[in-house]
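Novice: Next come a sequence and a model predicted from it.
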Amino acid sequence: MPGRPLRALALLILASLGSCTQEQELHPDAPVLKSLRFVGNDTFSDSDLRQGLVTQEKSWIPFTRPTRFDAASFQGDLARLTTFYRARGYFEMRIRHTTVEPAGKNGVRVTVAVEEGQPSTVRQVELTGIDSFPVPLQTLLKSRLPLVPAAIFTDQGFQASKAALLARLHENAFAEAKIEARADVDSLAHAVDLTFAITPGGHYTYRDFVIRGNARVPTKRLQQELDGVMKKGDEFQTSDLDEAQRRIYALGVFSNAQVAAGAPDPDAGTLPIIVNVVEAPFHTFRAGVGIGIDIEHQEVHVTGGYTNRDFLGGLRRLDFDNLVALEWLPSIFDPLESAVPAFTSTLKLTQPEIFSYNTDLVPSLQVERAAELGFGYWAFRGRIGLPWKITPSLTLTPAYSAELLIFDSGTAFSGIDLSPTALLSLSCQVCVLSYLEQTIVWDRRNDKSEPSSGFFAQLDIQEAGGPLGGSFSNTRWLPEVRAYFPLGKLDVLAVRLELGALFTYGGTTSPIDQRFFLGGIDSVRGYGAERLSPMVRVNTCAPIVNPKNPGGPKVPSPLCQGVNQGVGIVDIQVGGNGMVEGSLELRHTLSDVFHLVAFVDTGEVTQQPFAFDFSPQGLAVTPGVGIRFITPIGALRADFAYRATDPIRALSLAQTTFPQPGYGLPSTAGGALDTCAWPFVPTSGWVNYTQPSTCKSDFLRRFAFNIAIGESF
């Protein structure tokens with residue numbers, strides 16, 4: 001019948017969905033539902049139709065309780081199916097028949113046959129009560145609504161259109177605007193006429209500001225944040241409330257902040273703004289313990305920190321963070337030495353609003369004792385940055401950094417005749433790095449920790465040496481792009497692409513701090529931390545000075561059981577000046593706390609920038625799967641990855657550790673050189689290395705397992 005009102009449709013939907021949350025306690029002898037299938041559903045999938053129903057198939061997860069079939073609940077589900085279709089414009093949908101068939105012992109299979117019919121489209125959209133509005137506002141209200149003529153009617157689009165109109169009115173000073181919406185269905189014409197009757201109410205401006213809950217933070221300081229967004233006499237806009245609340249939160253001293261409009265004065269055409277805040281503790285102490293698990297690196301560590309959110313007044317923030325670790329290199333199961341200590345200590349001060357409300361001054365100092373496979377060093381770093389928040393999503397940070405790097409005099413392999421400077425191709429043992437840096441971040445993700453839509457783009461540029469002095473002269477570029485695409489309600493496709501290039505000049509090499517590495521929990525997950533990199537191969541079985549007779553002949557290293565056992569071959573990652581990395585990740589929501597992930601990572605690190613080989617011989621490809629457990633501090637993730645390719649990598653030999661060809665290298669039973677473990681005779685310089693295809697690969701070593709907090713990107 002033409003003109004049939006649809007005003008009760010939303011209430012019917014809510015009532016139907018609400019009843020789905022109340023599962024009945026069924027008799028334990030009720031039949032088990034083996035399957036629930038649909039026939040005739042050409043537009044919507046079976047999984048779409050099952051959402052919101054009480055009747056559900058048994059979960060595929062092992063050890064879950066069987067789902068019992070209840071005839072009464074099933075009849076209610078048939079009504080919910082009808083509501084599901086009508087909410088999407090299929091008003092002629094009907095259920096043709098249902099079948100309940102036995103399936104094994106005490107089980108049933110249920111089939112529902114539906115006839116979808118023809119969907120109804122929007123015939124016209126009428127807005128009433130807007131004739132007195134300025135023409136630009138009328139045009140704004142009529143443009144780009146979620147439902148437009150010729151579109152298939154959906155209740156979601158109908159409600160979204162009403163919400164969009166109301167938001168536009170509130171954004172144009174009509175704080176009390178109301179809308180009565182109607183959807184009239186012409187079933188014969190398969191058409192829907194939409195009417196939005198607008199009652200605008202008064203046109204309001206800001207009157208005054210009421211701030212509550214601040215004990216230590218001065219009211220004047222909060223008023224400064226409000227004045228940057230809204231002033232007395234300005235026209236009311238709902239977006240002003242969101243921006244003011246964001247700025248107050250950004251001060252970093254409130255655990256809760258709410259900015260809302262108070263009761264309006266229709267006679268005066270004004271309304272107050274009410275600000276309620278709850279101050280967070282101004283002094284915070286932190287402590288924790290943890291483990292790091294990687295395919296070729298394990299550690300235990302303790303952390304401790306302190307934060308003062310009002311250091312010397314003025315809402316200056318002081319952060320002091322420390323980490324002390326014991327590391328096993330390359331693995332706790334096969335360590336070359338005992339556990340190696342390492343630590344990092346960082347002191348950072350944030351001076352807010354140094355030049356304007358959106359520019360801070362952030363100086364920091366850091367001391368680090370680094371323990372890497374084959375070498376160690378001390379680092380003393382200083383940095384001063386000026387993060388400028390151009391918009392809520394766009395930040396530019398210029399900075400200057402200076403570093404002093406002091407490398408140990410010998411390698412981590414006791415007695416081996418190889419200096420860290422030779423190992424890393426450096427021209428200094430005590431090195432100074434001085435550079436400018438510019439970082440621009442454009443962040444349009446809907447959620448910073450668990451994004452499901454939007455994008456993130458970053459460009460980092462560094463200029464070292466030259467007039468800034470130091471041991472190195474170079475420029476370093478590192479752009480990165482991430483994008484997130486929702487695929488229905490339960491799935492998200494995440495994509496990342498990163499490119500790195502470091503150009504040296506003036507005859508200097510590149511510092512270890514600026515080189516590129518891949519592998520580990522956040523990049524190409526089929527490799528250990530930083531293990532996708534140019535390598536230097538060291539023979540730890542090389543002869544060393546006899547500690548009992550320093551002037552006498554050298555003796556085999558105590559790290560080895562024998563010169564031909566092959567246990568002394570170690571590859572040291574030294575980084576490269578070029579890098580490309582990409583990741584594709586499909587994230588599926590199982591429940592509020594469990595997510596499943598399938599991913600493919602790929603990447604390459606080269607000695608020189610842009611010297612990439614995008615063939616299977618050049619790129620490392622590591623597919624894998626993972627599981628996420630959602631916690632208040634982020635997603636606890638466990639990832640399993642597989643190295644699908646054996647890319648060619650740059651390899652150099654530490655010549656001083658090979659006194660003659662074949663010394664300390666793996667040999668076959670007949671005494672010949674094992675060319676699968678060592679495919680060439682030691683030579684000088686760099687070679688492109690990959691294991692010969694005729695050799696057997698260690699299958700288990702192709703797998704990697706990583707545990708971490710937070711998504712990989």
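Specialist: Looks like it came in fine.
Novice: Low-confidence bits of the chain, can you list those?
Specialist: The chain contains residues with pLDDT under 70 at 1-28, 59-64, 294-296, 333-338, 410-417, 541-545, 556-568, 655-685, 689-700.
Novice: all helices for this structure, in order.
Specialist: Along the chain, counting by DSSP state H, helices occupy 9-19, 46-50, 71-86, 135-142, 155-170, 219-227, 238-250, 420-423.
Novice: and those helices as CSV, adding mean neighbour count and distance to residue 590?
Specialist: Every residue, glycine included, has its C-beta placed from N, CA and C. Formatted as CSV, those follow (neighbours: other CB atoms under 10 Å; distance: least, CB to CB, whole Å):
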stretch, mean neighbour count, distance to residue 590
helix 9-19, 15, 20
helix 46-50, 15, 13
helix 71-86, 17, 22
helix 135-142, 13, 42
helix 155-170, 18, 24
helix 219-227, 16, 41
helix 238-250, 17, 32
helix 420-423, 18, 47
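Novice: Including distance to residue 708, could these go into JSON lines?
Specialist: JSON lines is the format used below for the helices of the chain (distance: least, CB to CB, whole Å):
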{"stretch": "helix 9-19", "distance to residue 708": "37"}
{"stretch": "helix 46-50", "distance to residue 708": "31"}
{"stretch": "helix 71-86", "distance to residue 708": "40"}
{"stretch": "helix 135-142", "distance to residue 708": "46"}
{"stretch": "helix 155-170", "distance to residue 708": "37"}
{"stretch": "helix 219-227", "distance to residue 708": "36"}
{"stretch": "helix 238-250", "distance to residue 708": "27"}
{"stretch": "helix 420-423", "distance to residue 708": "29"}
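Novice: which one of those lies closest to residue 266?
Specialist: The minimum distance between residue 266 and these falls on helix 155-170, with 15.8 Å, by CB to CB.
Novice: Which strands or helices does that closest one pack on?
Specialist: Judged by 3 or more CB pairs under 8 Å, 6 or more residues apart in numbering; DSSP states H and E, helix 155-170 is in contact with helix 9-19, helix 135-142, strand 178-186, strand 191-199.
Novice: For those, give me TSV that also has distance to residue 582.
Specialist: Below are the helices and strands packed on helix 155-170 laid out as TSV (distance: least, CB to CB, whole Å):
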stretch	distance to residue 582
helix 9-19	40
helix 135-142	41
strand 178-186	46
strand 191-199	45
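Novice: For residue 452, find the nearest of these.
Specialist: Nearest to residue 452 among the helices and strands packed on helix 155-170 is helix 9-19 (21.5 Å), distances taken as CB to CB.
Novice: So what does residue 44 have for phi and psi?
Specialist: When read as degrees, to the nearest 10, the backbone of residue 44 gives phi -120, psi 140.
Novice: what's the distance between it and residue 119?
Specialist: Separation of residue 44 from residue 119 (CB to CB, to the nearest Å): 11 Å.
Novice: Tell me which of the helices and strands packed on helix 155-170 lies nearest to residue 301.
Specialist: Here helix 9-19 is closest among the helices and strands packed on helix 155-170 (CB to CB), at 47.3 Å.
Novice: For residue 606, give me its contacts.
Specialist: 534, 576-579, 612, 650 (CB atoms under 8 Å, 6 or more residues apart in numbering).
Novice: Next step: the residues you listed restricted to strands.
Specialist: In this view, the contacts of residue 606 that belong to strands under DSSP state E are 578-579, 650.
Novice: looking at these, which has the most residues close by?
Specialist: Within these, residue 579 tops the neighbour count with 25 neighbours, counted by other CB atoms under 10 Å.
Novice: and it, what does it touch?
Specialist: Taking CB under 8 Å, 6+ apart, we find residue 579 in contact with 498-501, 516, 518, 603-606.
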